[in-house]
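Novice: Coordinates only, no sequence provided:
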């Protein structure tokens, strides 16, 4: 009877939902001002129209022209999509 050779799975498959390190930038006064400005000028989710509670970096840059206001649900969906695609 031949022995079956075991197949190895990628490490990320065996350890789901690894905690991500929080970017220290989110604790700066600059980010807090920019976030507050974004939500006060654009208080509605850019995707679904509900009240916005999150600020998303469209292309990863922290510039006011590169931000969009999102509700928690839409921001979570976008983050999952980006993490899945390796963005």
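Specialist: Received it, and whenever you're ready, just let me know what you need. Please read these numbers as outputs of a predicted model, since none were measured by experiment.

Novice: For this protein, just list every one of the helices.
Specialist: With helices called from DSSP state H, the chain shows them at 11-14, 29-41, 72-85.

Novice: right, so of those helices, which gets closest to residue 23?
Specialist: With Cβ to Cβ as the criterion, residue 23 lies closest to helix 29-41 of those, at 9.0 Å. To be clear about C-beta, it is placed using only N, CA and C from the backbone, and glycine gets the same treatment.

Novice: what mean pLDDT does that closest one have?
Specialist: Per-residue pLDDT values over helix 29-41 give a mean of 94.

Novice: I figured residue 34 hits residue 62, correct?
Specialist: Yes - if you go by Cβ atoms under 8 Å, residue 34 and residue 62 touch, sitting 6.9 Å apart.

Novice: any weak-confidence spans in this protein?
Specialist: The chain contains residues with pLDDT under 70 at 1-20, 86-87.

Novice: hmm, back to that, indicate which one of the helices of the chain is closest to residue 54.
Specialist: Across the helices of the chain, residue 54 has its closest neighbour in helix 72-85 (3.9 Å, Cβ to Cβ).

Novice: Now do the buried residues in that closest one.
Specialist: 74, 75, 78 (16 or more other Cβ atoms under 10 Å).

Novice: Could you list the residues in contact with it?
Specialist: Helix 72-85 is contacted by residues 45, 46, 47, 48, 50, 53, 54, 56, 70 when judged by Cβ atoms under 8 Å, 6 or more residues apart in numbering.

Novice: Could you check how far the closest residue in space to the first one that isn't next to it in sequence is from residue 27?
Specialist: What sits nearest to residue 45 in space, not counting adjacent residues and going by Cβ to Cβ, 6 or more residues apart in numbering, is residue 71, at 4.1 Å. Shown here: residue 71 relative to residue 27, a distance of 23 Å by Cβ to Cβ, to the nearest Å.
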